[in-house]
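> Build me a model:
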Amino acid sequence: MTTDTPLLIRPSTSQDMAFITAIYAENVLNGLGTFEIEPPDEVEMTARRNAILQHGLPYLVADRGGDVVGFAYANLYRPRAAYRHTVEDSVYIRDGQRGTGIGKALLSEVINLSRAAGRQQMVAVIGDSGNRGSINLHKSLGFRLVGILEAVGYKHDRWVDTVIMQKSLKVSD
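Next up is the predicted model:
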């Protein structure tokens, strides 16, 4: 598919899980956006998706002409009850499709749906302080830098930072 084919942001379905699993596996094996070392299989990815949906949170795909080119979701920030109004976003784009606006389209809708669900704050935990694409994506949608955890992960033979960004989802903000 070319970038001329319209991009559709829609809720994920069980039929999307093979695409989602492949996109995530590529990110696990080659990127620093996730600190997983071994890619989970489709059964595990489906279980993770189902757990997110059970919390009434969005799990979306970017579909270009029937081809899933990215996915994004909001998950609970932490499991304890006091955190129940805060979510953490995740965005993964297929290799070769990054930098084309897919991430912004996905994250914008995750923000909107999280706000509509009554969530108050969204946190981004970005692997690698050198990940300008993800940092700039979040900045462009109103996230602010709240901190950097230095050298908290070890992946691809190097120590990796985690960048923490935050956005208020309050309607008045």
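> Tell me, what's the model's pLDDT at residue 123?
We note a pLDDT of 98 for residue 123 in this prediction.
> Make sure it is actually in contact with residue 85.
No - judged on Cβ atoms under 8 Å, residue 123 makes no contact with residue 85 at a distance of 11.5 Å. Just so you know, the C-beta spots here come from the backbone N, C-alpha and C atoms, and that holds for glycine as well.
> more neighbours, the two?
Neighbour totals were compared for residue 123 and residue 85, and residue 123 leads with 18 against 13 (other Cβ atoms under 10 Å).
> Beta-bridge partners for the more buried one, please?
residue 88, residue 166 (DSSP bridges).
> quick one: buried residues of the strand or helix carrying residue 136?
Assigned by DSSP states H and E, residue 136 belongs to helix 132-140. Residues of helix 132-140 classed as buried: 134-135, 137-138 (neighbour count, 16 or more other Cβ atoms under 10 Å).
> Run me through the strand neighbours of whichever helix or strand comes after it, direction for each.
Using DSSP H and E, the next helix or strand after helix 132-140 towards the C-terminus is strand 144-155. Next to strand 144-155 in the sheet, as set by DSSP bridges, lie strand 158-168 (antiparallel).
> If we go by neighbour counts, what in the strand it pairs with is buried?
160-167.
> tell me the contacts of the nearest residue to residue 160 once chain neighbours are set aside?
Closest residue in space to residue 160, ignoring its immediate chain neighbours: residue 153 at 4.3 Å, by Cβ to Cβ, 6 or more residues apart in numbering. Residue 153 is in contact with 32, 35, 127, 159-162, counting by Cβ atoms under 8 Å, 6 or more residues apart in numbering.
> Tell me the one among these nearest to residue 106.
Using Cβ to Cβ, residue 127 comes nearest to residue 106 of the contacts of residue 153, at 17.4 Å.
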